[in-house]
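>>> I need the structure of the sequence given here:
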Amino acid sequence: MKKQIDKCPHCGSNWGVYVKMDLINVPRNINFDGSQGYNGEMYDNAEKIKEKSNVYCQECGKVICRWETFCKINGIVTF
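Numbering: from 1, shown residues only. Below you'll find the model as predicted:
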(Lines give C-alpha, C1' and ligand atoms only; values in the text may rest on other atoms or scores of the structure.)
Protein backbone atom coordinates (compact mmCIF):
# COMPACT_ATOMS: atom_id res chain seq x y z
CA MET A 1 0.00 0.00 0.00
CA LYS A 2 1.26 3.45 -0.86
CA LYS A 3 1.97 6.11 1.76
CA GLN A 4 -1.06 8.18 2.81
CA ILE A 5 -1.40 11.52 1.01
CA ASP A 6 -1.24 14.14 3.76
CA LYS A 7 0.14 17.14 1.85
CA CYS A 8 0.34 18.51 -1.67
CA PRO A 9 3.30 17.08 -3.60
CA HIS A 10 3.55 20.36 -5.55
CA CYS A 11 3.48 23.11 -2.91
CA GLY A 12 3.68 21.16 0.36
CA SER A 13 0.44 22.61 1.74
CA ASN A 14 -1.55 20.55 4.24
CA TRP A 15 -4.74 22.61 3.92
CA GLY A 16 -6.58 19.82 2.16
CA VAL A 17 -8.06 18.94 -1.18
CA TYR A 18 -11.20 19.55 -3.18
CA VAL A 19 -13.12 17.68 -5.86
CA LYS A 20 -15.12 19.45 -8.55
CA MET A 21 -18.69 18.33 -9.13
CA ASP A 22 -21.72 19.40 -11.10
CA LEU A 23 -24.83 20.14 -9.04
CA ILE A 24 -28.46 20.84 -9.93
CA ASN A 25 -31.22 22.51 -7.91
CA VAL A 26 -28.90 25.14 -6.40
CA PRO A 27 -30.83 28.41 -6.14
CA ARG A 28 -28.91 31.67 -5.99
CA ASN A 29 -30.80 34.51 -4.33
CA ILE A 30 -30.30 38.00 -5.72
CA ASN A 31 -32.06 41.10 -4.42
CA PHE A 32 -34.06 43.36 -6.76
CA ASP A 33 -31.26 45.93 -6.67
CA GLY A 34 -28.78 43.30 -7.94
CA SER A 35 -26.98 42.75 -4.64
CA GLN A 36 -26.33 39.33 -3.19
CA GLY A 37 -29.30 37.93 -1.28
CA TYR A 38 -29.26 35.43 1.57
CA ASN A 39 -27.75 32.20 0.27
CA GLY A 40 -27.00 30.38 3.51
CA GLU A 41 -29.16 27.40 2.56
CA MET A 42 -28.46 27.32 -1.16
CA TYR A 43 -26.99 23.80 -1.17
CA ASP A 44 -29.59 22.17 1.10
CA ASN A 45 -31.54 20.66 -1.82
CA ALA A 46 -28.63 20.25 -4.23
CA GLU A 47 -28.29 17.02 -6.15
CA LYS A 48 -24.97 15.76 -7.40
CA ILE A 49 -25.21 14.81 -11.05
CA LYS A 50 -21.55 14.29 -11.85
CA GLU A 51 -18.42 14.11 -9.77
CA LYS A 52 -15.18 14.89 -11.55
CA SER A 53 -12.33 12.43 -11.31
CA ASN A 54 -9.42 14.57 -10.07
CA VAL A 55 -8.41 15.75 -6.59
CA TYR A 56 -7.00 19.30 -6.41
CA CYS A 57 -4.88 21.07 -3.80
CA GLN A 58 -6.80 23.79 -1.92
CA GLU A 59 -3.70 26.00 -1.84
CA CYS A 60 -2.16 25.85 -5.33
CA GLY A 61 -5.06 24.29 -7.28
CA LYS A 62 -2.89 21.68 -8.99
CA VAL A 63 -4.08 18.12 -9.59
CA ILE A 64 -2.77 15.72 -6.95
CA CYS A 65 -4.24 12.45 -8.20
CA ARG A 66 -7.50 10.79 -9.24
CA TRP A 67 -10.34 10.64 -6.68
CA GLU A 68 -10.39 6.84 -6.70
CA THR A 69 -6.64 6.73 -5.96
CA PHE A 70 -6.96 9.29 -3.14
CA CYS A 71 -9.74 7.26 -1.49
CA LYS A 72 -7.87 3.97 -1.83
CA ILE A 73 -4.57 5.31 -0.44
CA ASN A 74 -6.21 7.28 2.41
CA GLY A 75 -8.72 4.57 3.33
CA ILE A 76 -11.80 6.65 2.49
CA VAL A 77 -14.99 4.70 1.92
CA THR A 78 -17.31 6.21 -0.70
CA PHE A 79 -20.91 5.34 -1.35
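>>> kindly confirm my reading that Asp6 is in a helix.
No: using DSSP: H, G, I helix; E, B strand; the rest coil, the assignment for Asp6 is coil, not a helix.
>>> might one say that it is in contact with Gly12?
No: with contacts counted by C-beta atoms under 8 Å, Asp6 stays clear of Gly12, the gap being 10.7 Å. (Each C-beta comes from the backbone N, C-alpha and C, glycine too.)
>>> for Val77, give me its contacts.
By C-beta atoms under 8 Å, 6 or more residues apart in numbering, Val77 lies in contact with Cys71.
>>> quick one: least confident helix or strand in the chain?
strand 47-57 (a mean of 87; mean pLDDT, DSSP states H and E).
>>> where do the strands sit along the protein?
17-24, 47-57, 63-66 (DSSP state E).
>>> for these, could you give me TSV that also reports mean neighbour count and distance to Tyr38?
Formatted as TSV, those follow (neighbours: other C-beta atoms under 10 Å; distance: least, C-beta to C-beta, whole Å):
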stretch	mean neighbour count	distance to Tyr38
strand 17-24	13	19
strand 47-57	14	21
strand 63-66	15	34
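>>> mind checking which of those is nearest Gln36?
strand 17-24 (18.7 Å; C-beta to C-beta).
>>> I'd like the distance between Cys71 and Gly37.
As for Cys71, its distance to Gly37 is 36 Å (criterion: C-beta to C-beta, to the nearest Å).
>>> I meant Ile24, not that one.
To Gly37, Ile24 is 20 Å away according to C-beta to C-beta.
>>> how about residues contacting stretch 20-40?
Residues contacting stretch 20-40 (C-beta under 8 Å, 6+ apart): Met42, Tyr43, Asn45, Ala46, Glu47, Lys48, Ile49, Lys50, Glu51, Lys52, Asn54, Tyr56.
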